[in-house]
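Student: what's the 3D shape of this:
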Amino acid sequence: MKQFIFSFFLLISPLYAQDILPLRERAALIDQIQKERIQKLLPQLMEEQEIDLWVMITREYNEDPVVKTLLPPTWLNARRRTILVFSKQESGVDAVAITRYNFGKNIRSIWNKDKEPDQWKALADYIVSQNPKKIGINTSEHYGIADGLAKTDHDGMMQALPIKFQKRIVSAETLAVRWIETRTPLEMTLFSQLVAITHTIIEEAFSSAVITPGATTTEDVVWWMREKVASLGLKTWFHPTVDVQRTGDSDLYAFDGKSKFDVILPGDLVHCDFGITYLTLNTDCQELAYVLKPEETQAPKFLREALVQGNAVQDALTDHFKKGKTGNATLKSALDSSKAAGLRPQIYSHPLGLYGHSAGTTFGMWDAQEGIPGSGEHPLYENTVYAIELNAKVFIPEWGKDVRIMLEEAGYFGPQGFRYVNGRQTDLILIGKKSQHLK
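Tutor: Residues are numbered from 1 along each chain as shown. Okay, the predicted model is just below:
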């Protein structure tokens, strides 16, 4: 019976389906996004990083993570051995592929296998023709996303290149990170819609349409979210979690991957961690709801005040965002100011965009509050998006215990400073709230 109820609500909830593009229209828009990034963004980044030529080599089902961000919308994977080369020109970037096919609409193939059967020699010939001073390849110690060049492909390129060009090869780590982390104006327009869809799904999940207190489990809600996303033609980039904190138990929520309780009850503080993928971008959001008791019309004051402390930790972090400041330095400033204000913070915010746990400036991890080597030393750049992920530990006298106010929202840092992409939670979602027309 319960399964029928969940399936029924999936069918009668067309809430945002009209806002999601059909696959064919998505493909056209993704082509537009990639064209803007290749023609307008990439020349700026290559100039910034002083790399004249960027080589990416990948094979089917073993894609370089950067190549994945360039896959045409009609390519679900790379084909055979795919080689992409971006050469800086006075007029922009020459984007070519040493492949048997054009790499979608934005990167043309220049390899004629009938004239030159050796793909490696074709690559070497093109590199020599461009005579670059610095040749970037995707190798990195600190970023897996920027470390996509496999040893076999590295060796094949090196064996084909003349020695003087071998000596010009450098790591493209920072260029790869800048490519992954930087958002264009078109992407930011889409990001706002993407986060709005995410919020709407959470709001529906945390409602009486899905949750019957005393019957519905946290896992029921998790799988409702998965089914909802699938019914909309979208994907989740990680399996959602739903958990509760309540009075009468001594355990504080821990980052152990286990739900603290199974059945959702009146008086529970319910938390979710949820994100979706759409139009090449990803969201990552954590919000809180309160399950009203029969006599209640709002959440208890002590929980509302606890949420205020969570918002204060958010402010302590984002108020310290400054162009050029490292993630580790920002983390320290935020923790110091939070503690000085009497808060008990834990901050673990990360870049967000083409990947969920993306590349860029990292602000701590839940088990590394002193900072992160590598990604924590990356400076803050403009036109970047972050999952502002953190918690405030708050003692609740009425419950006789600490709770964690766990929050996560997409935030944008640009020339005008920081803003949330589509707002943030400042009020608890109420499960069991009566309709406005009922008294």
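
Student: Let me know the secondary structure of the residue most central in space within the chain.
Tutor: In the chain, the centroid-proximal residue (C-alpha atoms, centre = their mean) is Gly356; its distance is 2.5 Å. Following DSSP: H, G, I helix; E, B strand; the rest coil, the label given to Gly356 is coil.

Student: wait, what's in contact with it?
Tutor: Residues in contact with Gly356, defined by C-beta atoms under 8 Å, 6 or more residues apart in numbering, are 237-238, 275, 277, 282-284, 387. Using the backbone N, CA and C atoms, a C-beta is placed for each residue, glycine as well.

Student: Do you know the pLDDT at the nearest residue to Arg59 once chain neighbours are set aside?
Tutor: Nearest residue to Arg59, sequence neighbours excluded (C-beta to C-beta, 6 or more residues apart in numbering): Arg81, at 5.2 Å. Note on Arg81: pLDDT of 93.

Student: Please identify the buried residues of the strand or helix carrying Lys164?
Tutor: Using DSSP states H and E, Lys164 sits in helix 163-166. In terms of neighbour count (16 or more other C-beta atoms under 10 Å), helix 163-166 has its buried residues at Phe165.

Student: got the contact list for it?
Tutor: In contact with helix 163-166 (C-beta under 8 Å, 6+ apart) are residues 124, 127-128, 132, 135, 158.

Student: Report the strands that pair with the helix or strand following that helix, each with its relative direction.
Tutor: Using DSSP H and E, the helix or strand that follows helix 163-166 in sequence is strand 169-171. Strand 169-171 sits in its sheet next to strand 135-137 (parallel), going by DSSP bridges.

Student: residues of the next helix or strand after the strand it pairs with that come out buried?
Tutor: Once strand 135-137 ends, the next helix or strand along the chain (criterion: DSSP H and E) is helix 151-160. Neighbour counts over helix 151-160 (16+ other C-beta under 10 Å) mark 153-154, 156-157, 160 as buried.

Student: Dump these into CSV; add pLDDT and distance to Ile264 as well.
Tutor: Below are those laid out as CSV (pLDDT from 0 to 100; distance: C-beta to C-beta, whole Å):
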residue, pLDDT, distance to Ile264
Asp153, 96, 50
His154, 97, 52
Gly156, 96, 56
Met157, 97, 55
Ala160, 97, 61
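
Student: Out of the residues you listed, flag the one nearest to Gln425.
Tutor: Asp153 (45.0 Å; C-beta to C-beta).

Student: Next one: that closest one from Asn102, what distance?
Tutor: 21 Å (C-beta to C-beta, to the nearest Å).

Student: Likewise for Val394?
Tutor: 56 Å.

Student: of the two, who's got more company?
Tutor: Neighbour comparison, Val394 and Asn102: the larger count goes to Val394, with 20 against 14 (by other C-beta atoms under 10 Å).

Student: what number of residues lie near Asp319?
Tutor: 14.

Student: what does the one 4 residues further on give?
Tutor: In terms of burial, Lys323 registers 12 neighbours under the definition other C-beta under 10 Å.

Student: what do you get for Ala28?
Tutor: 12.

Student: Tell me the secondary structure at it.
Tutor: Under three-state DSSP, Ala28 comes out as helix.

Student: May I see the buried residues of stretch 356-369?
Tutor: By neighbour count with 16+ other C-beta under 10 Å, stretch 356-369 contains the buried residues 356-365.

Student: Sketch out the low-pLDDT regions of the stretch 1-150 of the chain for me.
Tutor: Along the stretch 1-150 of the chain, segments meeting pLDDT under 70 span 1-18.
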